[in-house]
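K.L.:
this is a predicted model, with the sequence first.
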Amino acid sequence: MLTIANRTFQSRLLLGTGKYPSFEIQKEAVTQSETEILTFAVRRMNIFEESQPNFLEQLDLNKYTLLPNTAGAKTAEEAVRIAKLAKASGLCDMIKVEVIGDQRTLLPDPVETLKASEMLLEEGFIVLPYTSDDVVLAKRLEDLGVHAVMPGASPIGSGKGIINPLNLSFIIEQSKVPVIVDAGIGSPKDVAYAMELGADGVLLNTAVSGAKDPIKMAQAVKYALEAGRLGYEAGRMEEKDYAVASSPTTGMVGS
Ligand SMILES: CC(=O)[C@@H](O)[C@H](O)COP(=O)(O)O
């Protein structure tokens, strides 16, 4: 169970809604993933333009929590404007803060992310900032009072998986709010790895929408997430540098 602020979710998977081959495939992938939280870029959704196609219309919205994100914002002020737009449309008071500082890598701007998070907390939002895997920044965000931290595994849409597992594990170790690994996940193994490190959840988009078969991949990431979480709860064996025989050697005939 994943708890963010005062809300609980059975699934620990958060799914993005961009770049699917068709609404039909997207709808089935979302169903198969068993996610309960869908994130979407407010600026890219036709939420105020009724004549334009909108994926959210395809869904039974009672089944999902919508997590608008501020993708496209380059400053804290822009992010706050986008968040207020989402709130005005009655979608949700949770917001994923995404303030991009570099257009080539799409890495977040730490200063503007911190500033936007502070402003949105003051406005009463439930704030989930997308951050780099910077341990100190994650702590500063937590100290502000954000409701979860979302460090990137690697650049958005890169599919490179977890580049710095040590930083992620430091963030997980220090954090008292949920840690959701967000962005750069490429395949089910990355999802399982994030969960084995002790993440509370994973947010991904392109790994599913960009797969040859997004519906199958949605199932695969769901199982990987469950396997990784179970592995984390089970507690992995101690790693050693040298071989240790798997069968007991004491009391063997001829020993
Ligand atoms: C949809 C969304 O919120 C993205 O900005 C997110 O970071 C996912 O990135 P990937 O597409 O790399 O999974």
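P.N.:
Received it, and whenever you're ready, just let me know what you need.

K.L.:
hang on, residue 184 packs against residue 164?
P.N.:
No. Using CB atoms under 8 Å, residue 184 makes no contact with residue 164, being 10.6 Å away. Backbone N, C-alpha and C define where each C-beta goes, glycine included.

K.L.:
higher neighbour count, those two?
P.N.:
residue 184 (23 against 17; other CB atoms under 10 Å).

K.L.:
where in the stretch 1-150 of the chain is pLDDT low?
P.N.:
By pLDDT under 70, the low-scoring segments of the stretch 1-150 of the chain are 45-53.

K.L.:
pull up the residues of it that are close to the ligand.
P.N.:
16, 18, 39, 69, 71, 98, 130 (CB under 6 Å from any ligand atom).

K.L.:
count of residues packed around whichever residue of the chain sits closest to the ligand?
P.N.:
The ligand sits closest to residue 16 of the chain, with a gap of 2.6 Å, by CB to the nearest ligand atom. By other CB under 10 Å, the residues close to residue 16 number 26.

K.L.:
spatially, what comes nearest to it if we skip its sequence neighbours?
P.N.:
Nearest residue to residue 16 in three dimensions, chain neighbours excluded: residue 205, at 2.7 Å (CB to CB, 6 or more residues apart in numbering).

K.L.:
please look at that neighbour and residue 19 and confirm they touch.
P.N.:
Yes. Residue 205 lies in contact with residue 19 (CB under 8 Å); the separation is 7.1 Å.

K.L.:
neighbour count for those two, which is higher?
P.N.:
Using other CB under 10 Å, the more surrounded residue of residue 205 and residue 19 is residue 205, with 21 against 13.

K.L.:
helices along the protein, start to end?
P.N.:
Counting by DSSP state H, the chain has helices at residues 23-33, 76-88, 110-122, 135-144, 165-174, 188-196, 206-209, 214-234.

K.L.:
list the buried residues in the first one.
P.N.:
Yep, that's helix 23-33 we're talking about. For helix 23-33, a neighbour-count test (16 or more other CB atoms under 10 Å) marks 25-26, 29-30, 32-33 as buried.

K.L.:
tell me the contacts of residue 113?
P.N.:
76, 97, 99, 129-131, 137, 141 (CB atoms under 8 Å, 6 or more residues apart in numbering).

K.L.:
got TSV for those residues, with neighbour count too?
P.N.:
Below are these laid out as TSV (neighbours: other CB atoms under 10 Å):
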residue	neighbour count
76	22
97	30
99	29
129	30
130	26
131	26
137	20
141	28
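
K.L.:
of all these, which comes closest to residue 151?
P.N.:
Residue 151 lies nearest to residue 131 out of these, by CB to CB, at 5.3 Å.

K.L.:
quick one, what contacts the residue nearest to residue 16?
P.N.:
Applying CB under 8 Å, 6+ apart, the residues contacting residue 205 are 15-19, 39, 157.

K.L.:
burial count for residue 8?
P.N.:
By other CB under 10 Å, 10 other residues sit near residue 8.

K.L.:
grab the nearest non-local neighbour of it.
P.N.:
Excluding its sequence neighbours, the residue lying closest to residue 8 (CB to CB, 6+ apart) is residue 1, at 5.5 Å.

K.L.:
the one you found is in contact with residue 10, isn't it?
P.N.:
Yes. The pair residue 1 / residue 10 is scored as a contact, 6.3 Å apart, by CB under 8 Å.

K.L.:
ok, how many other residues are close to residue 163?
P.N.:
For residue 163, the neighbour count with other CB under 10 Å is 14.

K.L.:
and it, what does it touch?
P.N.:
Taking CB under 8 Å, 6+ apart, one finds 133, 153-154, 184 in contact with residue 163.

K.L.:
of these - the most surrounded one?
P.N.:
residue 153 (29 neighbours).

K.L.:
excluding covalently adjacent residues, which one is nearest to that residue?
P.N.:
In space, residue 153 is closest to residue 184, 4.1 Å off (CB to CB, 6+ apart).

K.L.:
number of nearby residues for residue 35?
P.N.:
With neighbours defined by other CB under 10 Å, the count for residue 35 comes to 29.
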